[in-house]
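[1] quick one: sequence and predicted model below, then my questions.
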2 protein chains.
Amino acid sequence: MIIVKIGGGNGINLAGIIKDLAELKEKYVIVHGANALRDRLAEELGQPKQVLTSTKGYTSVYSDDKLLDVMMMAYAGLRNKRIVEMCHQHGINAIGLTGLDGKLIQGKRNKGIRVYQGGKLKIVRDFSGKPEAVSKPLLELLLGNGYVPVLTVPIIDEENAAINTENDDVVRVLQQSLQANTVINLIEAPGFLENRDDESSLIKTISSSELKDREQQVEGRMKRKMLAVRKLFEQGATRVIISEGRSEHPVADALAGKGTVIA
Amino acid sequence: MIIVKIGGGNGINLAGIIKDLAELKEKYVIVHGANALRDRLAEELGQPKQVLTSTKGYTSVYSDDKLLDVMMMAYAGLRNKRIVEMCHQHGINAIGLTGLDGKLIQGKRNKGIRVYQGGKLKIVRDFSGKPEAVSKPLLELLLGNGYVPVLTVPIIDEENAAINTENDDVVRVLQQSLQANTVINLIEAPGFLENRDDESSLIKTISSSELKDREQQVEGRMKRKMLAVRKLFEQGATRVIISEGRSEHPVADALAGKGTVIA
């Protein structure tokens, strides 16, 4: 079992990825993003993304009701359905679902973020949270009947409300439930870079035992990604490949070891 | 088995419909529209809906690639996922799907519409068509495992491309496949009106044998709707209820015979 995570950047070669997947012999599940599309749509609708900075200095997208609406349009609507369409055009029997559908991915809503607003300390609560469980019966029902799940946010919280979450965390709960041995993470870079401004500084292999040290060397989004990878190994993954999503054959290249292979 | 079609107008009381459905004892499938949402979104994105008029005088929405994108956002994205969320909040185990997912609703793309453009006869081909078949195995898999399908456009054509279609036609192929005896059609009117400008002119009952005559009396969208209803009876439906979708209890009212009952 393979989990293929497709990044939501503009440069990702979706057609190339789907063509490659059509040749795969193993079973797989697709998890995709759409962040570039969401940001563009939010701009066009005159409600640009707001970023919150917590008192501890962490940043996050403010996921209010309106942003959730935009996410449903971008992730669950346009991107998900165009990927599903492309899958069928290549003979992949895809079904596109969010975590809401059949409560496929259940999470817990964040309690609130402490922020300073106009010099005052406030607690801001939005519709975001962390996935905690997967509906294994539904996943198995689909996989067992030959369907390829194409999954995306939002997920469903403990009160049955739609919440935003990180796709890396969605991959984590999926891996735990499916015990997928391989996770492929297709991004807009050749893999994990020694120097993030230098695409030639690709690190070809990382042993899973090194991950904690690597996490200390990086910042921001990449730090969170490294932590997510470490958790996958704690749960039993045996191989995580972070690889170029913009090339002609993203999946074939990843499986041929062209990105950063963590094992 | 009941098919509940929820119109895509702004005034439809979605929350009331879902609350009523949560009380239903019978199995049901939901089909929903989102035309008001789509039109608003298309306007906001600066690509207002274009209407084609065929040489025979029929009008239809020009469903090009861009309109399909907007439809995916409005129907498959925002509207579908908010309905699914609302369902779970009322204990309905909903799964939202388009006709693309698992090739659930398969259709045939229209060959083209003959129009006059700038005084010249042209054939314009868009991404629209008619549904022809339903994936019964997928529907039965979901229904048999306790899921309530929440369905919407687009559907998939013979080349595996996404196409737009009329939800009335989606209901027709679903009814044929499921042999649902009752179809409830919730609209922004009390039912079928003798005089469309007078909401008090509700026709309470129509016998299925009268339908052909009724069809002759009406025009435009309502004519097409009457034709769609007649086809349902030809396929074995025993009761079609066209009823108010804006009331407090749209489904309960419909089943209590408050709209137009055709039997």
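    It's in. Numbering: from 1, shown residues only, chains lettered A, B, ... in the order given.
[2] let me know whether residue A:18 touches residue A:85 as I believe.
    No - the pair residue A:18 and residue A:85 does not pass the contact test of C-beta atoms under 8 Å, sitting 9.7 Å apart. (C-beta placed from N, C-alpha, C; glycine too.)
[3] which bits of the stretch 151-263 of chain A sit near chain B?
    Within the stretch 151-263 of chain A, the positions near chain B by C-beta under 8 Å from any C-beta of the partner chain are A:154, A:156, A:159, A:160, A:161, A:162.
[4] change it to 6 Å
    A:160, A:162 (C-beta under 6 Å from any C-beta of the partner chain).
[5] now the strands: where do they sit in the stretch 151-263 of chain A?
    For the stretch 151-263 of chain A, applying DSSP state E, counting those that start in this stretch gives strands covering A:155-156, A:162-163, A:182-187, A:205-206, A:239-244, A:260-262.
[6] within its sheet, name the partner strands of the second one and how each one runs.
    Which is strand A:162-163. Strand pairing for strand A:162-163, using DSSP bridges, gives strand A:155-156 (antiparallel).
[7] now do the strand it pairs with: everything it contacts.
    A:99, A:100, A:103, A:105, A:106, A:107, A:131, A:163, A:165 (C-beta atoms under 6 Å, 6 or more residues apart in numbering or on different chains).
[8] any quick ChimeraX command for the buried ones out of these?
    Applying 16 or more other C-beta atoms under 10 Å in any protein chain shown to those, the buried members can be selected in ChimeraX as follows:
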select /A:99,100,103,105,106,107,131,163,165
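[9] nearest to chain B: which residue in chain A?
    Of all residues in chain A, residue A:77 sits closest to chain B, at 2.1 Å by C-beta to the nearest C-beta.
[10] residue ranges with poor pLDDT in the stretch 1-150 of chain A?
    Counting by pLDDT under 70, the stretch 1-150 of chain A shows no low-confidence range.
[11] contact residues of it facing chain B?
    Checking the stretch 1-150 of chain A against chain B by C-beta under 6 Å from any C-beta, the hits are A:44-45, A:69, A:72-73, A:76-78, A:81, A:84-85, A:88-89, A:95-96, A:98, A:100-102, A:145, A:147.
[12] among the contacts of strand A:155-156, which are in strands?
    Among the contacts of strand A:155-156, the ones falling in strands (DSSP state E) are A:105, A:106, A:107, A:131, A:163.
[13] what bridges to residue A:52?
    Here residue A:52 sits in beta bridges with residue A:60, going by DSSP bridges.
[14] give the contact list for it.
    Per C-beta under 6 Å, 6+ apart, neighbours of residue A:52: A:60, A:62, A:113, A:115.
[15] let's see 7 Å
    By C-beta atoms under 7 Å, 6 or more residues apart in numbering or on different chains, the residues touching residue A:52 are A:59, A:60, A:62, A:113, A:115, A:124.
[16] that one and residue A:3: what is the separation?
    Separation of residue A:52 from residue A:3 (C-beta to C-beta, to the nearest Å) stands at 29 Å.
[17] dump the residue contacts of the residue nearest in space to the middle of chain A.
    Central residue of chain A (C-alpha atoms, centre = their mean): residue A:167, 2.7 Å from the mean position. Going by C-beta under 7 Å, 6+ apart, residue A:167 touches A:5, A:31, A:33, A:153.
[18] who wins for neighbours among those residues?
    Within these, most neighbours by other C-beta atoms under 10 Å in any protein chain shown means residue A:153, with 33 neighbours.
[19] pretty sure that one sits against residue A:163.
    No - the pair residue A:153 / residue A:163 is not scored as a contact, 8.3 Å apart, by C-beta atoms under 7 Å.
[20] how many neighbouring residues does the nearest residue to residue A:172 once chain neighbours are set aside have?
    Sequence neighbours aside, residue A:231 is the residue nearest to residue A:172 in space, at 5.5 Å (criterion: C-beta to C-beta, 6 or more residues apart in numbering or on different chains). Neighbours of residue A:231 under the rule other C-beta under 10 Å: 17.
[21] quickly note the distance from residue A:231 to residue A:248.
    Distance from residue A:231 to residue A:248, counting by C-beta to C-beta: 31 Å.
[22] which of the strands of the stretch 151-263 of chain A is buried the deepest?
    strand A:155-156 (a mean of 28; mean count of other C-beta atoms under 10 Å in any protein chain shown).
[23] relative to the centre of chain A, pull out the residue lying furthest away.
    residue A:119 (34.5 Å).
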